[in-house]
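Novice: Everything below, folded, please.
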Amino acid sequence: MPEEKGYFYTHYAADSGQVYIDVSVNVKNTQKQILSCTDVMTVKADYNDGYTYTAFPVVEDSNTGFTYASIVSIDPLETKGMHFLIDCPQEVEETGNPLFLEFLVEKEKYAYTIR
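Specialist: Numbers count the residues shown, from 1 in each chain. Now for the predicted structure:
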């Protein structure tokens, strides 16, 4: 659900038996050119040593809640709120099996261990 909800808003509800891992970030464009929101980074989840799920990006929008990253860019020195949503089976939430996230930002990989 978006943080700000107006009269009309979009949101992402997981299908039955599914959950979302929501990676929420504020992105500031420190480049001198426009940055497409689809080029910010990629995020993947690795569950139980080999089950991988890829995130899709959405951008916070004060009028509609969320909007598609493919139609939004970030101007130089502007900051936008983004969410990287990973659709995965509900089992990922309910078990204690290993789970980590992999971020690819400007050709550099980073890992974050959830459990």
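
Novice: Ser36 versus Asn26, what's the distance?
Specialist: Asn26 sits 17 Å away from Ser36, going by CB to CB, to the nearest Å. Bear in mind the C-beta positions are built from the backbone N, C-alpha and C, glycine included.

Novice: Give me the more crowded residue out of those two.
Specialist: Ser36 (12 against 9; other CB atoms under 10 Å).

Novice: tell me the helices in the chain, going along the chain?
Specialist: Remark: helices assigned in the chain by DSSP state H are 91-94.

Novice: So which bits of the helix or strand of it with the lowest mean pLDDT are buried?
Specialist: The helix or strand of the chain with the poorest confidence is strand 65-68; it has a mean of 79 (mean pLDDT, DSSP states H and E). For strand 65-68, a neighbour-count test (16 or more other CB atoms under 10 Å) marks Gly65, Phe66 as buried.

Novice: What are the phi and psi values at Asn48?
Specialist: Taking degrees, to the nearest 10, you get phi 50, psi 40 for the backbone angles of Asn48.

Novice: Tell me, what's the model's pLDDT at it?
Specialist: Looking at Asn48, its pLDDT is 97.

Novice: now it: how far from Ala111?
Specialist: For Asn48 relative to Ala111 (CB to CB), the value is 16 Å.

Novice: go on, Met82?
Specialist: Applying CB to CB to Met82 and Ala111 gives a distance of 20 Å.
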